[in-house]
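Q: Got a predicted structure here, sequence first:
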Amino acid sequence: MRRLALQMGISIDGYVSGGPEQDIGGGEPEHADVVARKLAWVSGAGAHAMGRVTYEEMAGFWPTATGAYAAPMNEIPKVVFSRSLTRADWPTTTIAGGDLADEVARLKDQPGDEIIVYGGFTLAQALTRADLVDEYRLVIRPVALGSGEPMFRDLPLERRLELVDATPYPDGTIISVYRKRTGRTPEED
């Protein structure tokens with residue numbers, strides 16, 4: 001069974017979106033080591049998944065892009081979760097328009113490497129509410145937005161996660177990787 005990893009940029013105050021004028025990255029380029037880490041994940045994915053808005057933004061950019069991320073973004077299969085999108089013109093893209101849990105289960109059951117979800121925040125919130133994420137990759141940027149959309153909203157139950165990696169980078173970015181906790185910790189006994 002394939003793992004579903006949610007990879008999101010997030011501000012130090014916990015927002016994944018601050019609105020059209022607020023950039024999670026603070027408008028600054030990422031450090032080369034951050035790019036290398038993210039590029040390794042992007043290149044090793046079996047599928048890239050996203051919501052409709054993110055799909056439309058990416059489909060308008062990546063087909064003509066030439067940077068380091070361009071080849072894996074264009075060549076690796078993509079899945080767009082949408083009930084309103086009727087066609088996907090970006091090559092290697094399919095539309096998953098059914099029930100979110102059913103569509104994720106179907107994707108996880110397919111052979112191949114992990115599925116990386118990029119969002120946007122509506123999809124990220126829906127996936128976290130439904131407890132469909134196996135791994136969270138938070139790219140914490142050194143910017144505070146003060147308001148916006150959180151990744152976790154309206155959870156029916158708290159999510160207990162296990163920190164498996166936290167790496168700081170020279171530009172102030174911290175990449176934290178969490179997985180669903182399996183079993184109880186000694187502190188819980």
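A: Looks like it arrived, so ask away. Residues are numbered from 1 along each chain as shown.

Q: can you pull the buried residues of the longest helix along the chain?
A: Determined from DSSP state H, the single longest helix within the chain is helix 32-44. By neighbour count with 16 or more other Cβ atoms under 10 Å, helix 32-44 contains the buried residues 34-35, 37-38, 41-42. The C-beta positions use only the backbone N, C-alpha and C, and glycine is treated the same way.

Q: can you check stretch 94-102 too?
A: 95-96, 100.

Q: What separation is there between the nearest residue to residue 14 once chain neighbours are set aside and residue 11?
A: The shortest distance from residue 14 to any residue other than its chain neighbours is 5.5 Å, reached at residue 150 (Cβ to Cβ, 6 or more residues apart in numbering). Taking Cβ to Cβ, to the nearest Å as the measure, residue 150 falls 10 Å from residue 11.

Q: can you give me the offset of the helix or strand of the chain with the lowest mean pLDDT from its chain's centre?
A: For the chain, counting by mean pLDDT, DSSP states H and E, strand 15-17 ranks last in confidence among helices and strands (a mean of 84). Taking Cα atoms, centre = their mean, to the nearest Å, one finds strand 15-17 lying 12 Å from the centre of the chain it belongs to.

Q: Adjacent strands (with direction) for that strand?
A: strand 149-150 (antiparallel) (DSSP bridges).

Q: Need the contact partners of the strand it pairs with.
A: The contact list for strand 149-150 (Cβ atoms under 8 Å, 6 or more residues apart in numbering) reads 14-18, 121, 125.

Q: quick one: low-confidence ranges for the protein?
A: Judged against pLDDT under 70, the low-scoring parts of the chain cover residues 18-23, 25-27, 183-189.

Q: Ignoring the adjacent residues along the chain, who's closest to residue 12?
A: When the adjacent residues along the chain are set aside, residue 12 lies closest to residue 144, with 5.4 Å between them (Cβ to Cβ, 6+ apart).

Q: Would you confirm that that neighbour contacts residue 13?
A: Yes. With contacts defined as Cβ atoms under 8 Å, residue 144 counts as touching residue 13 at a distance of 4.6 Å.
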